[in-house]
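Chemist: below: sequence and its predicted model.
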Amino acid sequence: MALVLFLAASLLPLAARASERFQEKPYALIFGTVWDPDGHPIYGVKVKIRRTDGKGHWEVFSNHTGEFAQRVPTGKADYAVTADVKGFKLQSGKHLQPGPAVTVHIDNDERADVGLHLSW
């Protein structure tokens, strides 16, 4: 019994240190959906996210429900979110045009939701 208590007491500091090492940094999340002109979500569209001050950029793709998500650093910053439909083809043969860029303002560790609406 004493041996079990000794082992438990000696392993506790290791577990605490390990959890500190693997603790995630805080982040903000830009989450959105890409929509076609008829209001249907679109799969496989490249979404470009860039800080307006030029200090970072990311590219993600919309999933099967048209959604995308990107973690960005916490802190006050503005981001421009756009859909890149260059080379993107619909099965119907119609060509999509990107809508205007959506500006997202982040203050801290928060989630911002956006919609990217494309046109014909």
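Modeler: Good, I have the coordinates.

Chemist: show me where this structure has strands.
Modeler: 28-35, 46-51, 57-61, 67-72, 77-84, 102-106, 111-117 (DSSP state E).

Chemist: what is the mean pLDDT for the first one?
Modeler: For strand 28-35, the mean pLDDT works out to 98.

Chemist: and for that strand, what's in contact with it?
Modeler: 41-42, 45, 47, 49, 62, 65-74, 79, 81, 83, 102, 104, 106, 108-118 (CB atoms under 8 Å, 6 or more residues apart in numbering). Using the backbone N, CA and C atoms, a C-beta is placed for each residue, glycine as well.

Chemist: quick check, central residue of this structure?
Modeler: The structure's the chain has its C-alpha centroid closest to Gln70; by CA atoms, centre = their mean the separation is 1.3 Å.

Chemist: from what I can see it touches Phe61, true?
Modeler: No: the criterion here is CB atoms under 8 Å, and Gln70 misses it with Phe61 at 10.7 Å.

Chemist: shared neighbours of these two, anything?
Modeler: In terms of CB under 8 Å, 6+ apart, Gln70 and Phe61 are both contacted by the residues Val47.

Chemist: okay, now the unreliable bits of the protein?
Modeler: Scanning the chain with the threshold set as pLDDT under 70 gives 1-20.

Chemist: cutoff 80 now
Modeler: For the chain, the stretches with pLDDT under 80 are 1-22.

Chemist: on that earlier part again, how close does the residue nearest to the centre of the chain sit to Asp38?
Modeler: According to CB to CB, to the nearest Å, Gln70 and Asp38 sit 26 Å apart.

Chemist: just send the strands of the chain back as JSON lines, with distance to Phe22 too.
Modeler: JSON lines is the format used below for the strands of the chain (distance: least, CB to CB, whole Å):
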{"stretch": "strand 28-35", "distance to Phe22": "20"}
{"stretch": "strand 46-51", "distance to Phe22": "26"}
{"stretch": "strand 57-61", "distance to Phe22": "23"}
{"stretch": "strand 67-72", "distance to Phe22": "16"}
{"stretch": "strand 77-84", "distance to Phe22": "26"}
{"stretch": "strand 102-106", "distance to Phe22": "25"}
{"stretch": "strand 111-117", "distance to Phe22": "23"}
